[in-house]
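Participant: What follows is a predicted protein model with its sequence.
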Amino acid sequence: MVVSEYGACLWCEPDAWLAEAARLLRPGGDLVFLTNSLLVTLCAPDVGTASDRLLRDQRALKVVTYPDDDGVEFHLAHGEWIATLARHGFSVTALHELYAPDGAQQTKYEWVTPEWARRWPVEEIWVATWRS
């Protein structure tokens with residue numbers, strides 16, 4: 001099993017880290033990665049909390065930068081994740097979208113409110129099996 005809780009799956013170019021994950025796994029091995037949800041990425045402004053409106057173009061989404069941060073984040077649309085995983089020999093077996101529980105009064109992130117996180121997924125857990 002290979003696990004990436006943010007880390008490589010968010011801050012490394014997807015083809016690079018997926019090739020490394022595939023190298024480490026035996027056939028039938030699982031890759032599990034946790035990343036920001038596509039929706040929160042599309043609704044997140046450069047500064048401040050996520051909006052209830054789309055602020056980024058999904059079609060142009062891949063590399064996301066923020067003005068107050070020197071780093072880059074890699075975000076793919078779901079169809080692109082599935083195609084990229086398949087190119088590296090993976091089959092998606094599950095996608096879990098994580099919401100804040102009802103009654104949540106705070107989140108661990110300053111860029112999303114509890115109200116937002118109860119309505120829309122903030123994080124996603126992808127599970128893929130290496131078949132090659």
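Facilitator: Structure received.
Participant: What pLDDT is listed against Glu110?
Facilitator: On the pLDDT scale, Glu110 is placed at 85.
Participant: before we move on, what about Asn36?
Facilitator: We note a pLDDT of 94 for Asn36 in this prediction.
Participant: Provide the partner residues of it in its beta bridges.
Facilitator: Listed by DSSP bridges, the beta-bridge partners for Asn36 are Glu123.
Participant: Please tell me I have it right and it contacts Val122.
Facilitator: Yes - when contacts are counted by CB atoms under 8 Å, Asn36 is listed as touching Val122 (7.2 Å). No exception for glycine: its C-beta is placed from N, CA and C like everyone else's.
Participant: buried stuff in stretch 7-24?
Facilitator: In terms of neighbour count (16 or more other CB atoms under 10 Å), stretch 7-24 has its buried residues at Ala8, Cys9, Leu10, Pro14, Trp17, Leu18, Ala21, Ala22.
Participant: Many thanks, we can stop here.
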